[in-house]
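Chemist: Got a predicted model here, sequence first, then my questions.
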2 protein chains.
Amino acid sequence: MKQTELFTKTFKEVPKDEVSLNAQLLIRGGFVDKVGAGIYTFLPLGLRVINKIENIVREEMNNIGGQELLMPILLPKDNWEETGRWNVEEMYKIKDENLGLGWTHEEIITPLMKKYLLSSKDLPKYVYQINTKFRNEPRAKSGVLRGREFKMKDMYSFHFDEKDLDEYYERAKQAYLKVYERCGLKEKTYLARATGGEFSESLSYEFQTVTPAGEDIIYICKDCGMGFNKEVFEKRCECGCESFVEEKSIEVGNIFKLGSRYSKVFGLKNENGDNIIMGCYGIGISRLMGAIVEVFNDSKGIIWPKTVAPFSVHLISLDSGDLEIKAKSDEIYSILQNSNIEVLYDNRDDKTAGEKLNDCDLMGMPLRIVVSSKTLKVESVEIKRRKEEKAELVKIKELKDFLKNEI
Amino acid sequence: MKQTELFTKTFKEVPKDEVSLNAQLLIRGGFVDKVGAGIYTFLPLGLRVINKIENIVREEMNNIGGQELLMPILLPKDNWEETGRWNVEEMYKIKDENLGLGWTHEEIITPLMKKYLLSSKDLPKYVYQINTKFRNEPRAKSGVLRGREFKMKDMYSFHFDEKDLDEYYERAKQAYLKVYERCGLKEKTYLARATGGEFSESLSYEFQTVTPAGEDIIYICKDCGMGFNKEVFEKRCECGCESFVEEKSIEVGNIFKLGSRYSKVFGLKNENGDNIIMGCYGIGISRLMGAIVEVFNDSKGIIWPKTVAPFSVHLISLDSGDLEIKAKSDEIYSILQNSNIEVLYDNRDDKTAGEKLNDCDLMGMPLRIVVSSKTLKVESVEIKRRKEEKAELVKIKELKDFLKNEI
């Protein structure tokens, strides 16, 4: 895409009430726009990131047998009253209507599956959606990490018995770890024991990404690398364990064994009259985007991992007022496009070299390719990885081969 | 996909309060589930249709320069008060909050673009989203044609002057006609003159698909094929034209010249101090799905056009209790999958031939391929197009070539 066509621009300043680093960088780079506290527009560059994360999550859920559907956002009061969750603080309610906005979907998926799961032959089944969710957050100050409106993947599994749930729960855990690995967060993300919270009485797993911006605290065992959230850790502490590191972290996912809590309420049973056993599995897509920005940045801007970057290459034409350089830059842009490389082409002729290079660092594509009179003199382009300092010259005729190993 | 893995089933009956044909067929076939009046879950088969329609719309919007973003659903009261649209009947409001649910997005896109459109050099620009929208419909009885929650594509264009808008408006009109053509609705869809309604004072275009389920009435000129909605037609009638046909129709899209109505309110001006000129362009994605079902069906079920069908082929194994036939059916399933053909494989062994063929007609994939002891005797499968009566035998070894021309 040509940068002159992109409607967004970069900013030096951010709204004064925006205190979180992720939102500051995302707003400055033209990835999101702040509409209100915890409410953001995903601009074209930001939507590309969201779509890439969504596709990674979708692929991993499909790999463990997930079937995608899309449940509504407007949810009837009756369903929530059945489970006693109509009057929870998190839920936005519609004025003068018996409708609330979805912050989780057990109340919809359980009665739905009751229509289709008629016998144990129909089990197990795994269904998920990627949808916008809403939670009434009185203090939404963490950018896209904690929105009042946010994108989430929620999966629900249905089993004949606890044993089958246990097996699937383990597969889901592995699929989740794969998601964080593919998003570049493997080294920073820990599996952590947690309580079941709102959802379940048994212990659950959270996936926690370590960063100073985290609102959670986890305790990581120095030996095995297992994490514990505060509540679970305090109970454990009584046993006298001491080899833990305390870290701030962001909860980037959680998996719960729901057991029969919701199937009991809605009468979802197998042919023997036993309650069907359920699990639920959540990943905040927009929160994951925020976590990635919190982990991968420097003083100049964002450093997108390859797998979620809006574009693989930021091609920058310097001296593009010069017709010959412009023509050569256009040619290189065509070469990249014809190689199916996702490229953002800074063809602006009203910006200085410094402005272009600063924007490039702020926006954070993995690879910067500069075309200038200097590089063209040696029939080359200058290539620099965003996460490294050194740049190198690559002959234009060798560019395609070079990029094959890079992208 | 194997039908034994799909969690949905077909139904003979529909909820008693569901009076619309589109929802009856979509519920019976396992495409949608009704959660409440005008509120539906899109099940895996239905979501596949929605995604295909979305992609057609997305491609056509990208073809006319559209840049995709995603605006929030929760919209601040302040923005709506600026345009005087806070207290409209359509809008759902959040209880105890100054937030309403988006039913249109001029109030968000106009202030957003003010941050980026700094001079006439930045014009024109075209941006769109595909998002869930909400309208308070007291009588939501038309299935997915008129949801209280629905999927919509809304595009907004920004121009230096009326002339530029006029040119783009024409391009958008052509892109819309392309969308309906690609969805199989070309013959049934008319361009119709309408008033600007809520959005604009000038005349606008609607795109109306003729079907008995339509809630609108249009008057189609027998000579030129141009349509007029009732309001416009009644004014025209005074001129004495008489060669019109009156038809019931569904509004499947509309394009409005907004002029400076919203740019004036939010101070979106060019460097000369002139208001920027705007257009807006809507297509209801889920409504389009409903319109397709209303147009393409028979007494047995839905007849999906190729371009939006959830699967291209419904492969049906009869006598699949027989191990040899099962093995051969599995083999043909593999052949189809390896040819990148989207295939739903009815491998159920607890259904009769009649049940399988009835389900196949109800679900409406464009091509039915039957494998049975009878067809295998002549090393063939039986192929039947959903919209035709006659079936033909095709040799298994010629199947791939046959399908090349078909899909």
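Modeler: Thanks, I have the structure now.

Chemist: quick check: mean pLDDT across the strand ranked longest in chain A?
Modeler: If you go by DSSP state E, chain A has its longest strand at strand A:244-259. The pLDDT scores in strand A:244-259 average 95.

Chemist: Now do it: which elements does it pack against?
Modeler: When contacts are defined as 3 or more C-beta pairs under 8 Å, 6 or more residues apart in numbering or on different chains; DSSP states H and E, strand A:244-259 sits against helix A:162-182, strand A:189-194, strand A:204-210, strand A:216-221, strand A:277-284, helix A:285-295. The C-beta positions use only the backbone N, C-alpha and C, and glycine is treated the same way.

Chemist: partners of it in the sheet?
Modeler: Using DSSP bridges, the strands paired with strand A:244-259 are strand A:204-210 (antiparallel), strand A:216-221 (antiparallel), strand A:277-284 (antiparallel).

Chemist: For it, buried residues please.
Modeler: Neighbour-count burial for strand A:244-259 flags A:244, A:247, A:249-259 (criterion: 16 or more other C-beta atoms under 10 Å in any protein chain shown).

Chemist: Specify which member of these is nearest to A:Gly184.
Modeler: Set against A:Gly184, the nearest of these by C-beta to C-beta is A:Val252 (12.0 Å).

Chemist: OK, contacts around that closest one?
Modeler: Going by C-beta atoms under 8 Å, 6 or more residues apart in numbering or on different chains, A:Val252 touches A:180, A:185, A:189, A:207-209, A:283-284, A:287-288, A:291.

Chemist: repeat for A:Asn136
Modeler: Going by C-beta under 8 Å, 6+ apart, A:Asn136 touches A:89-92, A:148, B:97.

Chemist: try it again with 6 Å
Modeler: The contact partners of A:Asn136, by C-beta atoms under 6 Å, 6 or more residues apart in numbering or on different chains, come to A:90, A:92.

Chemist: Which pLDDT does the model give it?
Modeler: 96.

Chemist: before we move on, back to that, make a markdown table out of the contacts of A:Val252 and add pLDDT and neighbour count.
Modeler: Formatted as a markdown table, the contacts of A:Val252 follow (pLDDT from 0 to 100; neighbours: other C-beta atoms under 10 Å in any protein chain shown):
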| residue | pLDDT | neighbour count |
| --- | --- | --- |
| A:Tyr180 | 98 | 24 |
| A:Leu185 | 98 | 24 |
| A:Thr189 | 97 | 25 |
| A:Phe207 | 97 | 25 |
| A:Gln208 | 97 | 29 |
| A:Thr209 | 97 | 29 |
| A:Ile283 | 98 | 29 |
| A:Gly284 | 97 | 25 |
| A:Arg287 | 98 | 26 |
| A:Leu288 | 98 | 31 |
| A:Ala291 | 98 | 30 |
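
Chemist: what's the closest of those residues to A:Leu403?
Modeler: A:Leu185 (24.8 Å).

Chemist: how close does that closest one sit to chain B?
Modeler: Distance, A:Leu185 to chain B, using C-beta to the nearest C-beta, to the nearest Å: 23 Å.

Chemist: Near chain B, which residues of the stretch 101-250 of chain A? Just list them.
Modeler: When proximity is defined as C-beta under 6 Å from any C-beta of the partner chain, the stretch 101-250 of chain A approaches chain B at A:112, A:116, A:125, A:132, A:149.

Chemist: Using a markdown table, please lay out those together with distance to B:Glu234.
Modeler: A markdown table is the format used below for those (distance: C-beta to C-beta, whole Å):
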| residue | distance to B:Glu234 |
| --- | --- |
| A:Leu112 | 46 |
| A:Tyr116 | 49 |
| A:Lys125 | 54 |
| A:Thr132 | 41 |
| A:Glu149 | 43 |
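
Chemist: Show me those residues that map onto strands.
Modeler: Those of these lying in strands (DSSP E): A:125, A:132, A:149.

Chemist: Tell me the most packed of these, by neighbour count.
Modeler: Counting neighbours by other C-beta atoms under 10 Å in any protein chain shown, the top entry in these is A:Glu149, with 24 neighbours.

Chemist: Go ahead and confirm that residue touches B:Leu70.
Modeler: No. Between A:Glu149 and B:Leu70 there is no contact under C-beta atoms under 6 Å: 10.5 Å.

Chemist: Could you pull out the buried residues of stretch A:55-71?
Modeler: A:56-58, A:60-61, A:64, A:66-71.

Chemist: What distance do you get for A:Lys52 to chain B?
Modeler: A:Lys52 is 14 Å from chain B, where distance means C-beta to the nearest C-beta.

Chemist: Could you pull up the residues touching that residue?
Modeler: A:Val308 are the contacts of A:Lys52 under C-beta under 6 Å, 6+ apart.

Chemist: helix/strand/coil for it?
Modeler: Secondary structure state of A:Lys52, per DSSP: H, G, I helix; E, B strand; the rest coil, is helix.

Chemist: still on that earlier bit, for the residues of the stretch 101-250 of chain A next to chain B, work out which two are farthest apart.
Modeler: It's A:Tyr116 and A:Glu149 that sit farthest apart of those, by C-beta to C-beta, at 30.1 Å.

Chemist: Tell me the residue of the stretch 101-250 of chain A that sits nearest chain B?
Modeler: As assessed by C-beta to the nearest C-beta, chain B sits closest to A:Lys125 within the stretch 101-250 of chain A, at 4.5 Å.

Chemist: what bridges to that residue?
Modeler: Beta-bridge pairing of A:Lys125 under DSSP bridges involves A:Phe158.

Chemist: Can you read off the pLDDT for it?
Modeler: Per-residue pLDDT puts A:Lys125 at 98.

Chemist: pretty sure it is touching B:Thr8, no?
Modeler: No. A:Lys125 is beyond contact range of B:Thr8, at 10.0 Å (criterion: C-beta under 6 Å).

Chemist: Can you give me the pLDDT of the residue in the stretch 201-350 of chain A positioned nearest to chain B?
Modeler: Closest contact between the stretch 201-350 of chain A and chain B, by C-beta to the nearest C-beta, is at A:Asp350 (7.9 Å). Per-residue confidence for A:Asp350 comes out at a pLDDT of 91.
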